[in-house]
Structure formats: C-alpha cells, structure tokens
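>>> generate a structure from the sequence data that follows.
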Amino acid sequence: MSEKNREGKRTARERLAAERDKHKAAEKRRRSLIVGASVVCVLGLAAVIGVVAANAGKDSGSDNEGPVAAPSGAQGKDSLAIPVGKESAKSTLTIWEDFRCPACKAFEAAYRPTIHELTDAGQLRVEYHLATLIDDNLGGSGSRNAANAAACAQDAGKFTAYHDVLYENQPEETDDAFAKNSKLIELAGKVDGLDTPAFRTCVKDGTHNSWVVKSNKAFQAGNFGGTPTVLLDGKNIYQDRTMTPAKLKRMVQEAAKG
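Now for the predicted structure:
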C-alpha cells in the first residue's frame with residue numbers, strides 16, 4: 001500500500017472519530033437539556049401545587065377579607081349588635097348565638113313567642129350577636145355564611161323574620177348545609193320581599209363576612225363558654241335553672257312598670 005493510501009485511510013478514521021466525538025457531545029448536551037427542562041417542569045408543578053395548597057387552606061372565611069362592613073342599623077361596641085325592639089324599652093336582652101347551634105334552636109323554640117310579644121309591646125329590646133362556634137369546633141362555614149345572610153337580611157329590614165326561618169330550618173349540627181349560598185337564598189324565599197337581587201349579591205359576595213369574623217372574636221374574648229349566651233340587663237339568665245319564658249316575661253314587665 002502506498003504512503004498516500006495509508007494517509008488517506010488514517011485521515012478518514014480520524015474524521016470518523018471526530019464525528020463520533022461530535023455526536024457524543026451533542027447527545028450529552030441534549031440529555032442535559034432534557035434533564036434541565038424536566039427539573040424546571042417539576043419545580044413549576046411544585047410551585048403550582050404550593051399555590052393550590054396554600055389557597056386550599058383559605059376560604060372565604062379567612063380573617064383577611066377586606067374592610068369590616070357592618071349591617072345597616074348595627075349598634076353597640078364596634079357595631080356588632082343587631083338590635084330588635086324599641087330603644088326606650090326598660091330591659092335589654094343580649095343574645096350570643098350561632099345558627100348551626102342546636103341549643104340555640106332549642107332556646108328559640110322555647111322563648112321566641114315571649115320575646116316577640118315583649119319586643120312588640122315595647123317592653124324589651126334584644127341585641128343579637130352572631131358567633132361561629134360550630135364552624136370553629138366541627139369545621140365548615142355554615143355558621144359564618146348563615147350569619148352573613150342574616151346580616152344581609154338586616155340590610156333589607158327583614159332580620160327578625162329571616163332569623164326565625166334559619167332556626168326553623170336548621171340542619172343537623174354535623175350537616176354544614178348553611179355553607180351553601182343557594183340554601184340560604186332558598187330560605188329567603190320564605191320571607192316576604194327578602195329574595196331580591198341585592199340580597200342575593202350580599203349573600204354570594206359575603207359582604208358581611210369580615211364583620212361576622214369580628215363578632216366571633218368578640219364572643220371568644222368574652223369567655224362566655226358557649227352558645228347561646230343570654231344576658232338580661234347584663235345578668236346571665238341562661239345559666240339560671242329556674243328561668244322559664246313565663247319568669248322572663250314577669251321580670252321584663254315588672255321592669256317596664258318602673
């Protein structure tokens with residue numbers, strides 16, 4: 001074989017080796033890019049999962065819901081009381097309640113006729129304070145959503161009627177049915193003139209949610225122990241085992257006489 005041919009074969013082998021090295025380098029870069037891209041996708045997914053997980057812990061009941069919007073006519077410290085009855089009444093009944101609370105429903109069933117009679121007669125003024133004790137204990141948002149809806153009813157001048165409807169249709173304590181705005185709006189249909197676009201918007205937007213949260217914090221700060229908490233002129237009468245609707249009526253009427 002001539003020197004020229006040997007040189008040509010050597011050059012060809014070198015070119016092939018160089019080409020193989022070039023392909024290996026290219027394959028290495030390609031794999032690096034694939035791995036790098038995969039890491040970015042995983043990190044991106046992790047970021048998305050992190051955002052979803054963070055938001056999953058938040059619902060419309062979080063404490064950061066914007067400014068506190070008290071319902072129309074709310075009174076007392078921080079406008080946390082919804083008043084029913086004449087301001088001139090000699091007696092004031094303060095009620096801390098939760099619309100998911102079975103004991104609150106039992107109190108309502110027993111005392112409501114008497115309370116209505118006394119407020120209608122101008123002898124008793126009631127200040128309702130709304131709490132979310134059951135939400136706090138069992139989870140869910142029915143206590144808060146129902147309280148917001150009741151505040152929306154207050155805006156419409158229909159608080160008392162809607163308040164009574166909520167208790168008459170209270171679900172089982174473990175059934176968070178009041179968390180559904182559709183249920184709260186459905187019940188508004190039982191109160192003449194309440195189911196309006198304004199009421200629906202108020203319920204769906206959670207207009208008074210922050211106010212409800214603030215009211216519940218006041219309930220917790222009061223160390224009342226549970227719902228209902230019922231105070232007649234500052235005295236806890238719910239803890240009085242001798243208390244009856246008839247006794248409450250007598251006490252209020254005697255106070256009205258002066």
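>>> check the gap between residue 149 and residue 95 for me.
Residue 149 sits 18 Å away from residue 95, taking CB to CB, to the nearest Å as the criterion. Yep, even glycine has a C-beta here, placed from its N, CA and C like the rest.
>>> more crowded one of the two?
residue 149 (29 against 23; other CB atoms under 10 Å).
>>> what about that one, which helix or strand?
Using DSSP states H and E, residue 149 falls within helix 142-155.
>>> which residues of the stretch 101-250 of the chain fall in helices?
Ranges of helices in the stretch 101-250 of the chain, per DSSP state H, counting those that start in this stretch, are 102-120, 133-138, 142-155, 159-168, 181-188, 197-205, 209-221, 245-257.
>>> and the third one with helix 181-188, angle?
Going back to what we said before, that points to helix 142-155. 40 degrees (axes from the mean of the first three to the mean of the last three CA atoms, to 10 degrees).
>>> what's helix 142-155 packed up against?
strand 82-84, strand 124-130, helix 133-138, helix 159-168, helix 181-188, helix 197-205, helix 209-221 (3 or more CB pairs under 8 Å, 6 or more residues apart in numbering; DSSP states H and E).
>>> rewinding a little: so for residue 90, which of the helices of the stretch 101-250 of the chain sits nearest?
Of all those, it is helix 245-257 that lies closest to residue 90, at 4.6 Å by CB to CB.
>>> now do the buried residues in the closest one.
If you call a residue buried by 16 or more other CB atoms under 10 Å, then helix 245-257 has these buried ones: 248, 249, 251, 252, 255.
>>> so, low pLDDT: which residues of the chain?
Where the chain drops to pLDDT under 70, the residues are 1-66.
>>> how does it look with 90?
1-67, 225, 239, 258 (pLDDT under 90).
>>> for residue 73, what are its contacts?
If you count contacts by CB atoms under 8 Å, 6 or more residues apart in numbering, residue 73 has them with 82, 83, 154.
>>> how near is residue 257 to residue 111?
Using CB to CB, we find residue 257 at a distance of 21 Å from residue 111.
>>> also residue 142?
According to CB to CB, residue 142 stands 23 Å off from residue 111.
>>> more neighbours: the two, which one.
residue 142 (26 against 22).
>>> give the contact list for the spatially closest residue to residue 89 that is not a sequence neighbour.
Nearest non-adjacent residue to residue 89, counting by CB to CB, 6 or more residues apart in numbering: residue 125, 4.0 Å away. Applying CB under 8 Å, 6+ apart to residue 125 gives the contacts 83, 84, 85, 86, 87, 89, 91, 92, 93, 119.
>>> pick the one among those residues closest to residue 229.
For the contacts of residue 125, the closest approach to residue 229 (CB to CB) belongs to residue 93, at 11.2 Å.
>>> and the closest one, backbone torsions?
With angles defined as degrees, to the nearest 10, residue 93 sits at phi -110, psi 120.
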